[in-house]
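**Q** Any chance you could fold what I've pasted below:
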Amino acid sequence: MAYITTEEVRAIRNALKVKFPNTKFSVRKNNYSMVDVSILSSNIDFTNVLFTSTWGDEEPEPVDNIEINTYHCDEKHYGEFTELFSSIIDVMKTAPATVEGGREWFDKSDSMTDYFHTAYYMSLSVGKWDKPYKMVS
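**A** Now for the predicted structure:
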């Protein structure tokens, strides 16, 4: 059963503060089984990421926040930010193991047999639904 403790979430928050000192994060536990990490502000210009995909010849529209796929964080989708997002995801997976009784993230799920077994679920976003990302200098 997916489960994450408050201490493990705190370890993620502290590790992100150390690794990315110029970035403000929101790190919170969601329903005891998920950790939500949002990048709220930093000196990074995410303009290229914060656009909606469009159909046909329409111009892309800016948005306040965007979800990052934690399973497929690759150059094709996130370009120059792939390394940053991958580093944040690595912290989300490894930091919980630093607390007593904590464990690293694992996923032993098998969708073919409808068997889901993971340490906990993760979500990463730039901005939140109620707090848009802010670029600071």
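**Q** Am I right that residue 26 sits in a strand?
**A** Yes. Per DSSP: H, G, I helix; E, B strand; the rest coil, residue 26 lies within a strand segment.
**Q** Could you tell me how many residues sit around the closest residue to it other than its chain neighbours?
**A** Distance criterion CB to CB, 6 or more residues apart in numbering; nearest residue to residue 26, sequence neighbours excluded, is residue 38 at 4.3 Å. Glycine gets a C-beta too; all of them are placed from N, C-alpha and C. By other CB atoms under 10 Å, 21 other residues sit near residue 38.
**Q** helix/strand/coil for residue 38?
**A** Per three-state DSSP, the secondary structure class of residue 38 is strand.
**Q** what do you get for residue 16?
**A** Residue 16 ends up helix, using three-state DSSP.
**Q** how much space between residue 12 and residue 93?
**A** Residue 12 sits 9 Å away from residue 93, going by CB to CB, to the nearest Å.
**Q** Please apply the same query to residue 119.
**A** Residue 119 is 9 Å from residue 93, by CB to CB.
**Q** Now do the shared contacts for the two.
**A** Taking CB atoms under 8 Å, 6 or more residues apart in numbering as the contact rule, residue 119 and residue 93 both touch 104, 105.
**Q** which of these two has more neighbours?
**A** Remark: of residue 119 and residue 93, residue 119 carries more neighbours, 21 against 18, as counted by other CB under 10 Å.
**Q** lowest-pLDDT helix or strand in the protein?
**A** Least confident element among the helices and strands of the chain, by mean pLDDT, DSSP states H and E: helix 75-78 (a mean of 78).
**Q** Could I get the CA-only coordinates of that one as CSV?
**A** Extracted in CSV, the C-alpha atoms of helix 75-78 (Å, rounded to 0.1, in the frame of the first residue of the first chain):
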residue,chain,number,x,y,z
GLU,A,75,14.3,16.2,-23.4
LYS,A,76,11.5,15.9,-26.0
HIS,A,77,8.9,17.2,-23.6
TYR,A,78,10.8,19.6,-21.3
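**Q** what's downstream of that helix, the next helix or strand?
**A** Following helix 75-78 in sequence order, the next helix or strand is helix 82-94 (DSSP states H and E).
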